[in-house]
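Colleague: Sharing a sequence plus its predicted fold:
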Amino acid sequence: MSAKPTISDVAARAGVSKTLVSFVLNDRPGVSADARSRILQAVDDLEFRPSRAARALSSSKTSALGLVLARQPEMLRADPFFPPFIAGVEKVIAPADMALMLRFVPDAVAERAAYTELSHGRADGVIVTDIRSDDPRPELLARLGLPAVTLNRPAPDSPAPAVCLDDTQGVREAVDHLIALGHRRIAHVGGPTEYLHADHRRRQWAETMAAAGLPSGSYVEADFTAAGGARATAQLLDGADPPTAILYASDLMAMAGMAEAHRRGIRIPDDLSVVGFDDSELSAHLHPPLTTVRTDAFGWGQAAATALLSYLAGQHVADVELSAAVFVLRESTAPPP
C-alpha cells in the first residue's frame, strides 16, 4: 500500500467497489447499511482523506437515467408496454434536463455487464423492469452503488424502492366475466413465467377457475410477441379439447391469436371468446374490438421516473402503489357456442 491511502485501498479493505466507496463519501443513496458501515470503518482505519479535486470529480452527475432491456431491439416496434412507458419517463425527466440511456442486451450475462458499465459514470440511476423470480439485479445494483427503482417489488427485503401495480384484480374480473357467460374451457396464453408479472397472471387465472369449481384450463407459455401468440393459439386450437375462450397475457399476443382464429374460419366471439391484457391503443379499433385488462404504462413510466429522481435527490422514497389494473369489456367475448 502507498504511504498515502487511495480510494482503491479503501475499497479493497472494505471488500467493495470503488464506485460504492465514492457513493458513501459523497452521501449518495443506494448503499446498504452494512456496506456503508464497512466503508466508513475502512476510511477511519486507513485515515483516508479524499482530495478536493477527487471529491468534485466523483460527485459529478451524468444527468442520465438508465433502462436495460433483455430483448432484441426490433421487438419494441410492436410492444404495447414499453413505448408508452418510455414516453412517461421522458415526460418527467425532460423538464429536469435529463436523458434516458436505453440499452438492449441479449441475455443475463450481458445485462450484468451493462449495469456495471452504467455504474461507471454513465448513469445516475436506473429503472429495473421485468422483475424475475429470485432476481439478482437489485443486490447487484446495491453492490455497484447504482441507485435503482424497480417495477414491482422483487422481494420483501429488496434494497430499492418499487413502483407497484396489482394486475391480478383485472385478471380475476376477466375470468369471472367469461365464467358468467357460460365458458368452462378457458385457456391461458401467458408470458415467460420467470417474470413475476407473467407468473402472477397465470396464478390468478388458475385460482379464479378453481374458486368457481372448474378444472384448470389449458395453459401455453409464450413470449409476449405476436409470433409467440399465434403459435400458442394454434397449439390450443389443435388440441383434443379446444377452448371456447382464451385469456392472453398481452394484447399483442391476443391480436395474433385472433388472426390465427380468423385464418381457420373461427368466428370471434361467436365460436371463440378472446381477452387481452394492456388495453393498447389499437385494441379498441380491431374487428371486433378487443375485451382486455387496462394498465397505464404511461403513468407507470411517470411514477417510476418521479420516484427515481426523488431518490437521487436524497429523499426517502417509499414504495408507490398505482391504481390496480381493471377489466375493460368490449365485443370479443360472448357466450360459448
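Modeller: Structure's in. What do you need?
Colleague: contacts and neighbour counts: CA atoms only from here.
Modeller: Noted.
Colleague: my guess is Ala305 is in a helix, correct?
Modeller: Yes. Assessed by DSSP: H, G, I helix; E, B strand; the rest coil, Ala305 belongs to a helix.
Colleague: Mind listing residues that contact whichever strand or helix holds Ala174?
Modeller: Element membership for Ala174, per DSSP states H and E: helix 168-181. Identification of contacts with helix 168-181 by Cα atoms under 8 Å, 6 or more residues apart in numbering yields 186, 200-201, 204-205, 208-209, 245, 247, 275, 292-294, 324-327, 333-336.
Colleague: May I have the next helix or strand after it as PDB, with CA atoms only?
Modeller: Where DSSP H and E defines the elements, the next helix or strand beyond helix 168-181 is strand 186-190. Presented in PDB, the C-alpha positions along strand 186-190 are these (Å, rounded to 0.1, in the frame of the first residue of the first chain):
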ATOM      1  CA  ILE A 186     -60.900 -21.200 -20.600                       C
ATOM      2  CA  ALA A 187     -57.300 -21.400 -21.700                       C
ATOM      3  CA  HIS A 188     -54.500 -19.000 -20.900                       C
ATOM      4  CA  VAL A 189     -51.600 -17.900 -23.100                       C
ATOM      5  CA  GLY A 190     -49.000 -16.400 -20.700                       C
END
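Colleague: Could you name the helices and strands sitting against strand 186-190?
Modeller: helix 196-211, strand 219-221, helix 226-237, strand 245-248 (3 or more Cα pairs under 8 Å, 6 or more residues apart in numbering; DSSP states H and E).
Colleague: now the second one: how far from the chain's centre is it?
Modeller: I take that to be strand 219-221. What separates the centre of strand 219-221 from the centre of its chain is 20 Å, taken as Cα atoms, centre = their mean, to the nearest Å.
Colleague: contacting residues around it?
Modeller: 187-193, 232, 236.
Colleague: again, but for the longest one
Modeller: Residues external to helix 196-211 that are found in contact with it (Cα under 8 Å, 6+ apart): 130-133, 167-168, 171-172, 175-176, 188, 190-193, 215-217, 249.
Colleague: and what of stretch 304-320?
Modeller: By Cα under 8 Å, 6+ apart, stretch 304-320 touches 28-29, 88-89, 92-93, 124-127, 147-151, 161-164, 303.
Colleague: Then stretch 90-100?
Modeller: With Cα under 8 Å, 6+ apart, stretch 90-100 has contacts from 63-67, 302, 305-306.
Colleague: in it, what counts as buried?
Modeller: 90-93, 98-100 (16 or more other Cα atoms under 10 Å).
Colleague: ok, back up a step: just the buried subset of the contacts of stretch 90-100, please.
Modeller: By 16+ other Cα under 10 Å, those give 64-67, 302, 305-306 as buried.
Colleague: Any stretches of this structure with poor pLDDT?
Modeller: Applying pLDDT under 70 to the chain flags residues 1-3, 19, 27-30, 50-60.
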